[in-house]
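S.K.: The sequence isn't on hand, but the structure is:
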């Protein structure tokens, strides 16, 4: 199964700055699709670094399941953390 499409919503935080929240779900152990989605959203650079600025990424659903590349997905998500 392919990872679910990402959704985004914008809001203004307490400092009156605009922020975007992205939700990505059901990665199902598909590291290649995960990286493709995060890069296309402007959240991950070519070296796996965070490029989303003040955006927020929320990962929902299954990271593991079905696919065999759950480890690389966890590594990518941990690298994107604060």
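M.R.: Everything's here; your move. What you see is a predicted model; the values in this text were computed from it and never measured.
S.K.: how about the helices of this protein, start to end?
M.R.: Taking DSSP state H as the test, the helices found in the chain are 31-40, 70-80.
S.K.: next one: the longest strand anywhere in the chain to chain centre, how far?
M.R.: Counting residues, the longest strand found in the chain (DSSP state E) is strand 18-25. On the basis of C-alpha atoms, centre = their mean, to the nearest Å, strand 18-25 sits 9 Å off its chain's mean C-alpha point.
S.K.: Pull out the buried residues from stretch 38-52.
M.R.: Neighbour counts over stretch 38-52 (16 or more other C-beta atoms under 10 Å) mark 38, 41, 43, 44, 51, 52 as buried. For every residue, glycine as well, the C-beta is placed using N, CA and C.
S.K.: In this structure the fifth one contacts residue 45, no?
M.R.: Which is residue 51. Yes: taking C-beta atoms under 8 Å as the definition, residue 51 is a contact partner of residue 45 at 4.4 Å.
S.K.: Worst mean pLDDT among the helices of the chain?
M.R.: Ranked by mean pLDDT, these end with helix 70-80 at the bottom, a mean of 87.
S.K.: Run the chain-centre distance for it.
M.R.: On C-alpha atoms, centre = their mean, the centre of helix 70-80 falls 10 Å from that of its chain.
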